[in-house]
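Colleague: This is the structure alone, sequence omitted:
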Ligand SMILES: Nc1ncnc2c1ncn2[C@@H]1O[C@H](COP(=O)(O)OP(=O)(O)O)[C@@H](O)[C@H]1O
Ligand SMILES: [Mg+2]
C-alpha cells in the first residue's frame, strides 16, 4: 500500500520509559510498524502492557518515540504536532469531562479548546446539545445510550466531528 492511501502510517517506533531500578528502562515499543488505510475502522489489540496506549499517545503527539516515524494523513506527527492535533479527534477510555460542570459548560469548554470564542462557541454548544438530545431521545434499547465512562467523549468528539 502506498503512503498516500494511509490515514496513519508509523515505521519502526521505539519507546523506552525510564524506570528507577531498571538500568535499561522498560521498552514499551520495539520497532512497531503500522499502516492504517483511509476509511477503515482499525482495532489495535493486545494484552495489558503490549504498548497500545503508548502507540496512541505517540500518534496523537502526546508522547515522543525514541526513534521511528509517524504520519497522520501524511503529516509528520513529530515535526508538526499542532497540525496533527487540529485534524484528529481522540476519545480516551476515561472521561475528560468536568463532573462539576453542566453538559453545556463542558461543551463550551471543549469548544474554546478548539479555538471557538464568544457567541460562536455558545451557538455551537447549543446546536450540539439540540443534536445530542434528539439522538438520545430514542426509547430504551432503540437508540444510542450514554454509557458512563464515555460521557466526556461526547463533548470532545462533538466539536471536532461533522456535527448536526
Ligand atoms: N509512564 C510510564 N512509565 C513507565 N512505564 C510505562 C509508562 N507507561 C507505560 N509503561 C510501560 O510500558 C509498557 C506498555 O504500556 P502501555 O502502552 O500502557 O500498554 P497497553 O496500553 O497495551 O496496556 C508496559 O510495560 C507499561 O508498564
Ligand atoms: Mg492501555
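Modeller: Noted; the coordinates are in hand. Here the structure is a predicted model, which means the values were calculated and not measured. Numbering: from 1, shown residues only. Ligands and ions are numbered 1, 2, ... in the order given.

Colleague: what's the average pLDDT for the particular helix or strand that has residue 105 in it?
Modeller: Counting by DSSP states H and E, the element that carries residue 105 is helix 103-113. The predicted model gives helix 103-113 an average pLDDT of 92.

Colleague: Buried residues in that helix, which are they?
Modeller: 103, 106, 107, 108, 109, 110, 111 (16 or more other CB atoms under 10 Å). Any C-beta I mention is one placed from the backbone N, CA and C, and that applies to glycine too.

Colleague: Out of those residues, which is nearest to residue 12?
Modeller: Checking those against residue 12 with CB to CB, the nearest one is residue 110 at 34.4 Å.

Colleague: ok, the closest one to residue 91 distance?
Modeller: Residue 110 is 12 Å from residue 91, where distance means CB to CB, to the nearest Å.

Colleague: what about residue 31, neighbour count?
Modeller: 11 (other CB atoms under 10 Å).

Colleague: Leaving out chain neighbours, which residue sits closest to it?
Modeller: residue 12 (5.0 Å; CB to CB, 6 or more residues apart in numbering).
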